[in-house]
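[1] Next come a sequence and a model predicted from it.
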Amino acid sequence: GENVEQHPSTLSVQEGDSAVIKCTYSDSASNYFPWYKQELGKGPQLIIDIRSNVGEKKDQRIAVTLNKTAKHFSLHITETQPEDSAVYFCAATRAGGYSSASKIIFGSGTRLSIRP
Amino acid sequence: DTGVSQNPRHKITKRGQNVTFRCDPISEHNRLYWYRQTLGQGPEFLTYFQNEAQLEKSRLLSDRFSAERPKGSFSTLEIQRTEQGDSAMYLCASSLGTGGTQYFGPGTRLLVL
């Protein structure tokens, strides 16, 4: 079935260093890949997304890359700050059309801790 | 605040009781989704609506679960005869059209004793 694998499950980096989270997906029809940040007691918040017709997207300190052939995608956070500490989820879905498969399949999450 | 809202934020109930949660999506969003999240896991899809029509239900949604969106605006998720295994965070999300971007509410945390 559809599956998204995410690594690592926990990540601790020094403030100012970079953090990288990697994901793989199984459904070759997936064409939209959002990343969510979830803080304790809150719902997931969309931080960046990428569609399958793009290989890379950047928004300030956050960038995502997508390799459709290998079914890999990654999140890169540069110059990490204490407020980046949270759980990050990668996800995959089929966007567009009337397909009922617009549900999001989430990875299991990465708990990112920024050391001062 | 024009984001997705959910009520209540927390619910404690005894096993066997019925509970109902409400979700108010972003105004004019025609798609509404329910997910369930257990500790240490990512959200898992339960069901979704396009306007008032329920178009897909996950196998996770047992007969004790029912969701409605009667007027295509807010939605309710009811769990009958709750079990301890139902304890989780129940998340609602909404999107406009089929573009894929789903915006989540703060969730309702359910604890079944």
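    Yes, it's here. From a predicted model like this one, the values you see are computed outputs, not experimental measurements.
[2] ok, which stretches of chain B are strands?
    B:5-7, B:10-13, B:19-24, B:31-37, B:44-50, B:53-57, B:65-68, B:75-79, B:88-95, B:103-104, B:108-112 (DSSP state E).
[3] right, I mislabeled it, should have said chain A
    Using DSSP E, strands in chain A cover A:4-7, A:10-14, A:19-25, A:32-38, A:45-51, A:56-59, A:62-67, A:72-77, A:86-92, A:105-106, A:110-115.
[4] Mean pLDDT, mean neighbour count and distance to residue B:42 added to those, as a markdown table?
    Backbone N, C-alpha and C define where each C-beta goes, glycine included. Output for the strands of chain A, formatted as a markdown table (pLDDT from 0 to 100; neighbours: other Cβ atoms under 10 Å in any protein chain shown; distance: least, Cβ to Cβ, whole Å):
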| stretch | mean pLDDT | mean neighbour count | distance to residue B:42 |
| --- | --- | --- | --- |
| strand A:4-7 | 97 | 18 | 8 |
| strand A:10-14 | 98 | 13 | 15 |
| strand A:19-25 | 98 | 20 | 11 |
| strand A:32-38 | 95 | 23 | 9 |
| strand A:45-51 | 94 | 17 | 14 |
| strand A:56-59 | 94 | 12 | 21 |
| strand A:62-67 | 97 | 18 | 17 |
| strand A:72-77 | 98 | 20 | 14 |
| strand A:86-92 | 96 | 24 | 5 |
| strand A:105-106 | 94 | 23 | 3 |
| strand A:110-115 | 97 | 17 | 10 |
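[5] of all those strands, which lies closest to chain B?
    Taking Cβ to the nearest Cβ, strand A:105-106 is the member of these nearest to chain B, at 3.1 Å.
[6] List of residues touching that closest one?
    Here strand A:105-106 makes contact (Cβ atoms under 8 Å, 6 or more residues apart in numbering or on different chains) with A:2-4, A:25, A:27, A:30, A:36, A:89-93, B:42-45.
[7] Return the residues in contact with residue 14.
    This is for chain A. A:80, A:114, A:115.
[8] that answer is for a different chain, and I need it for chain B
    B:82, B:112, B:113 are the contacts of residue B:14 under Cβ under 8 Å, 6+ apart.
[9] ok, of those residues, which come out buried?
    Neighbour counting by 16 or more other Cβ atoms under 10 Å in any protein chain shown classes B:82, B:112 among those as buried.
[10] Tell me the one among the contacts of residue B:14 nearest to chain A.
    Scanning these for proximity to chain A, where the rule is Cβ to the nearest Cβ, the winner is residue B:112, at 18.8 Å.
[11] Which residues are in contact with residue A:13?
    Applying Cβ under 8 Å, 6+ apart, the residues near residue A:13 are A:19, A:80, A:112, A:113, A:114, A:115.
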